[in-house]
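*Asks:* kindly generate the corresponding structure for this input.
(one chain, ligands or ions: 1)
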Amino acid sequence: MSAAHPGGRPPLDVLIRRVDPDVPLPAYEHPGDAGADLRTTEACELAPGERAVLPTGVSVALPEGYAAFVHPRSGLAARCGVALVNAPGTVDAGYRGEIKVIVVNLDPRESVRFERFDRIAQLVVQQVERVRFQEVAELPGSARAEGGFGSTGGHAAVDGVSGTSGRAANGGQAGGNRYASVVSDREGQ
Ligand SMILES: O=c1ccn([C@H]2C[C@H](O)[C@@H](COP(=O)(O)OP(=O)(O)OP(=O)(O)O)O2)c(=O)[nH]1
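*Replies:* So this is what the prediction gives:
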């Protein structure tokens, strides 16, 4: 963490407290990494489809105007099917509690086991804007306008859906066959 930032900006100091006195502090594995690895302080075994809220043994005090995002680790995802239920988890600047990670085993057949201090997720700290929502009767025009949900082609169309409550969201025809959907996207390009 003490290495110079590749972009030349000095690292941001973030106060951290160990809830578990033995846990290694979150650390960046390589210069330029966006995420510092978080570890579980509890061993845990997840059956296929099972989830758990795992403690990381640390709490932080982020400066105002920043948030930290709990992201999955792609190695765990690719090798074991481990995802985060709420990816990315949002750690607010005002949060002083222990950072927790909500893991789920998406592998259909194999259980996965975490030992104490295994790396289970990564924490990405970012500046975030606080906005003032200004209500208007009409929004300014744009090239995309209201097109979304596959409007540029490729993925199976989500007919007549203007929100998130359509058939795709319910796992119906449009969202049910992921393999076919990805193939059609590839062919559509
Ligand atoms: O993966 C996560 C996500 C959140 N949190 C902590 C930090 C965050 O500041 C707090 C609340 O998270 P969020 O706002 O996502 O949860 P909520 O369900 O909206 O709860 P609340 O009503 O407390 O805001 O929980 C974690 O430790 N890990």
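*Asks:* quick check, residue 77 in a helix?
*Replies:* Yes: if the criterion is DSSP: H, G, I helix; E, B strand; the rest coil, then residue 77 is within a helix.
*Asks:* so it makes contact with residue 87?
*Replies:* No: counting by C-beta atoms under 8 Å, no contact exists between residue 77 and residue 87, whose distance comes to 9.7 Å. Bear in mind the C-beta positions are built from the backbone N, C-alpha and C, glycine included.
*Asks:* how many neighbours does residue 70 have?
*Replies:* When neighbours are counted by other C-beta atoms under 10 Å, residue 70 registers 23.
*Asks:* name the element residue 121 belongs to?
*Replies:* strand 119-127 (DSSP states H and E).
*Asks:* contact partners of that strand?
*Replies:* Strand 119-127 has contacts (C-beta atoms under 8 Å, 6 or more residues apart in numbering) with 12, 14, 26, 34-40, 54, 56, 62, 65-73, 76, 82, 84, 88-89, 91, 99, 101, 103, 114.
*Asks:* can you narrow those to ones near the ligand?
*Replies:* The residues of those that also fall near the ligand, by C-beta under 6 Å from any ligand atom, are 70, 89, 91, 99, 101.
*Asks:* skipping adjacent residues, who's closest to residue 14 in space?
*Replies:* Distance criterion C-beta to C-beta, 6 or more residues apart in numbering; nearest residue to residue 14, sequence neighbours excluded, is residue 60 at 5.6 Å.
*Asks:* would the one you found count as being in a helix?
*Replies:* No: per three-state DSSP, residue 60 lies outside any helix segment and is strand.
*Asks:* how close does it sit to residue 148?
*Replies:* When C-beta to C-beta, to the nearest Å is applied, the distance between residue 60 and residue 148 equals 35 Å.
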